[in-house]
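*Asks:* Coordinates for the following, if possible.
(one chain, ligands or ions: 1)
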Amino acid sequence: MGIIDGKALSSKLRGEIAAGVAALKKESGVTPGLGVVLAGDNPASVSYVTAKEKACTEAGMFSREIRLPGDATQEEIVGAVRNLADDPAIHGILVQLPLPPHVDAKAVIASIPPEKDVDGFTPVNGGRMLSGEKCFLPCTPHGILKLIEFAGMETKGRRAVVIGRSNIVGRPVSILLSRKGVDATVTLCHTATRDVAAYTRDADIVVVAAGRPGVLTGDMIKPGCVVIDVGVNRVPDATKPKGYRLAGDADFESCAKKAGAITPVPGGVGPMTITMLLWNVLEAAKAAAKR
Ligand code: NAP
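*Replies:* This is a model prediction of the structure:
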């Protein structure tokens, strides 16, 4: 069994992105810029935004944050997006989710111009992805594809099972895996699926994004398969200073014994998400430099 080291792949790709940023600056004088809208002070959101901005700086990009109070109106949040959309130094816009409950998050996301939609969450990007057109791929699903490739797993003609159908992970992963050129045969499982194990036992690739620990166990998988564990769950653990530890959706111990390769949690999918965001910001800046 091999551990798919998301940190190592991420660091390799970030090196390539930083080189791309330096080359773009030299050739066209353009420095890729990420604009971030953050409403409220949810500690997890603040820490995600801080990590994304730090990663931008390390790659030679810059970031501009518009921070609004948690009671900001929908109009104020859309206004912040427009402000970044009108700023020629900003090539990618990220609205940190979740937005406060009184805000229509879909409407805010839809206000991001598609050419600056580096999270790939707008309906325009989603439609382009569905029809196989060039677009910004959503970061976590894109990172998952890179991890499967890094694990040395050929996707063409292989059976893939995705557990979870959310709009940000499971469904786009299923679409990307079945795309022409990737060519896996995909089954998408969810809570109404009868006997998930009947599908996973036949799969060469299992992507589990259910948000529940232990959804995938070793007895449910085929020997030698690749397991990509997207879940991030806090599991009570009295031996840890914080009283919990992080665990994925797969039972690591039993799955690792049987899988050919598996991502750990943490250190698997997690580091790839920010890396693929940087990738998209660089792509957006390159496209802007050409225009
Ligand atoms: P989500 O919106 O809660 O969706 C979970 C999906 O899993 C749903 O489609 C649900 O089915 C399905 N599901 C839940 N339990 C199941 C079970 N026992 N059997 C089959 N299907 C089941 O979650 P999400 O946003 O996709 O996130 C999934 C996990 O990934 C979370 O732990 C999240 O924290 C993590 N995540 C990590 C990253 C990263 O960068 N590492 C990024 C995003 C998310 P129904 O549709 O039928 O309810």
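*Asks:* what are the ranges of the strands in the stretch 1-150 of the chain?
*Replies:* With DSSP state E, counting those that start in this stretch applied, the stretch 1-150 of the chain shows strands at 2-3, 33-39, 62-68, 92-95, listed in chain order.
*Asks:* residues from this protein in reach of the ligand?
*Replies:* 140, 163-166, 168-170, 189-193, 196, 209-212, 215, 230-233, 269-270, 273 (Cβ under 6 Å from any ligand atom). Heads up, the C-betas are built off the backbone N, CA and C, glycines and all.
*Asks:* Go again with 8 Å.
*Replies:* Within the chain, the positions near the ligand by Cβ under 8 Å from any ligand atom are 139-140, 143, 163-170, 189-193, 196, 209-212, 215, 230-233, 248-249, 265, 268-270, 272-273.
*Asks:* Now, of those residues, which are buried?
*Replies:* Listed as buried from the residues of the chain next to the ligand are 139-140, 143, 163-165, 168-170, 189, 196, 209-210, 215, 230-233, 248-249, 265, 268-270, 272-273; burial here means 16 or more other Cβ atoms under 10 Å.
*Asks:* Out of these, which sit inside helices?
*Replies:* Among these, the members falling in helices (DSSP state H) are C139, T140, G143, G170, V196, V269, G270, M272, T273.
*Asks:* any idea how far R158 is from the closest residue to the second one other than its chain neighbours?
*Replies:* Closest residue to T140 in three dimensions, ignoring its sequence neighbours and counting by Cβ to Cβ, 6 or more residues apart in numbering: T273, at 4.8 Å. Using Cβ to Cβ, to the nearest Å, we find T273 at a distance of 24 Å from R158.
*Asks:* ranges for the helices of the protein?
*Replies:* Ranges of helices within the chain are 6-28, 43-58, 74-85, 105-110, 123-130, 139-150, 170-178, 196-200, 252-258, 269-290, based on DSSP H.
*Asks:* Take those and lay them out in TSV including mean pLDDT.
*Replies:* Putting the helices of the chain into TSV (pLDDT from 0 to 100) gives the following:
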stretch	mean pLDDT
helix 6-28	98
helix 43-58	96
helix 74-85	98
helix 105-110	98
helix 123-130	97
helix 139-150	98
helix 170-178	98
helix 196-200	98
helix 252-258	97
helix 269-290	97
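*Asks:* could you dump those to CSV with distance to G224?
*Replies:* Formatted as CSV, these follow (distance: least, Cβ to Cβ, whole Å):
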stretch, distance to G224
helix 6-28, 20
helix 43-58, 34
helix 74-85, 46
helix 105-110, 39
helix 123-130, 30
helix 139-150, 14
helix 170-178, 18
helix 196-200, 13
helix 252-258, 8
helix 269-290, 20
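*Asks:* neighbours around the nearest residue in space to L246 that is not next to it in sequence, how many?
*Replies:* Of all residues not flanking L246 in the chain, P266 sits nearest, at 5.4 Å (Cβ to Cβ, 6+ apart). By other Cβ atoms under 10 Å, 15 other residues sit near P266.
*Asks:* circling back to that earlier point, tell me which of the strands of the stretch 1-150 of the chain sits most buried.
*Replies:* Ranked by mean neighbour count under mean count of other Cβ atoms under 10 Å, those are led by strand 92-95, which reaches a mean of 28.
*Asks:* As PDB, could you dump the C-alpha coordinates of that strand?
*Replies:* Only the C-alpha atoms of strand 92-95 are listed here, as PDB (Å, rounded to 0.1, in the frame of the first residue of the first chain):
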ATOM      1  CA  GLY A  92      -9.400  36.000  -9.600                       C
ATOM      2  CA  ILE A  93     -12.200  36.500  -7.100                       C
ATOM      3  CA  LEU A  94     -13.100  34.300  -4.200                       C
ATOM      4  CA  VAL A  95     -16.100  34.700  -2.000                       C
END
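*Asks:* Can you list the strands that it pairs with?
*Replies:* Within its sheet, strand 92-95 is paired with strand 33-39 (parallel), according to DSSP bridges.
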